[in-house]
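Engineer: model the structure of this input:
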Amino acid sequence: RSTPRSGGVGIEIIAKGGAYGEDTNTNDDVILSAQKFGKAVRIAEEDIDDSLADILNTKLSDWATAYAKGLDNACLAVTAAKATTTCKFDSLYYQLSQTNAATSYTANTNITKSGTGGTPYDGLSTTAGLVETGDFFDEGSAMWIVHPAYKKKLRGIKDSNNRPIFMESSNGTAGGAQNVPDTIMGYPVKWSLGARTSATPTATPTGNPLAIFCIPQFLLLGVRSGPE
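Structural biologist: As a prediction, the model looks like this:
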């Protein structure tokens, strides 16, 4: 399915009675490809008849959990190209790791790796800054998608007096710079177990955990149908 994408509109100063220049931004479209996720589960008839074991609903819940993690992983964190993974689309991580001549993007420009200088806080600040200085930054909708492994990393970030910068008061409410489970640097957080790199889409990724700062409206996910 082809979805139209606006290239934006420019602005200029116009003198009284002057002619209006025509906008030259180029609109284009994005192709959404349908990808099916599934699994066959063999269940013995005796288990279905056993009133003590609600195996059907249990397996449905198990599948929904795996699907949620697997879909996040496929969309966000797969390191290989779709031609290799047989998935119908490339992940956000893969696209950011590749040079794109059409958009003049250089590979890895918008990927900040931890451990390459500065503190974990510096790394997160640099990542946020890449989006905050872009033409499409929208403070009202900006958010983080973060693997829960970062919870420990965030709790360990301390100031010059060795005090955690993400603190809670004695009664458990936010009492410091931010409350870790809710916001990072003032932006809301969505925690995802799928936000960890892997070579192919999986519900159990084991690679590097990711902290993704983004504007959700530019991460388009088309749901063709729900679970069946």
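Engineer: out of the helices and strands in this protein, which is least certain?
Structural biologist: Lowest on mean pLDDT, DSSP states H and E among the helices and strands of the chain sits helix 45-49, with a mean of 85.
Engineer: any idea what the most centrally placed residue in the chain is bridged to?
Structural biologist: For the chain, residue 145 is the residue whose C-alpha lies nearest the centre (Cα atoms, centre = their mean; 4.6 Å). Judged by DSSP bridges, the bridge partners of residue 145 are residue 190, residue 212.
Engineer: run through the residues that contact it.
Structural biologist: 72, 76, 189-190, 192, 195, 210-212, 214 (Cβ atoms under 8 Å, 6 or more residues apart in numbering). C-betas here are computed from N, CA, C, even on glycine.
Engineer: just the buried members of those residues?
Structural biologist: 72, 76, 189, 192, 195, 210-212, 214 (16 or more other Cβ atoms under 10 Å).
Engineer: ok so, going back, reformat the contacts of residue 145 as JSON lines; add pLDDT.
Structural biologist: Converted to JSON lines, these look like this (pLDDT from 0 to 100):
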{"residue": "72", "pLDDT": "97"}
{"residue": "76", "pLDDT": "97"}
{"residue": "189", "pLDDT": "93"}
{"residue": "190", "pLDDT": "94"}
{"residue": "192", "pLDDT": "97"}
{"residue": "195", "pLDDT": "98"}
{"residue": "210", "pLDDT": "96"}
{"residue": "211", "pLDDT": "95"}
{"residue": "212", "pLDDT": "96"}
{"residue": "214", "pLDDT": "96"}
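Engineer: closest one of these to residue 141?
Structural biologist: residue 214 (9.3 Å; Cβ to Cβ).
Engineer: lovely, talk soon.
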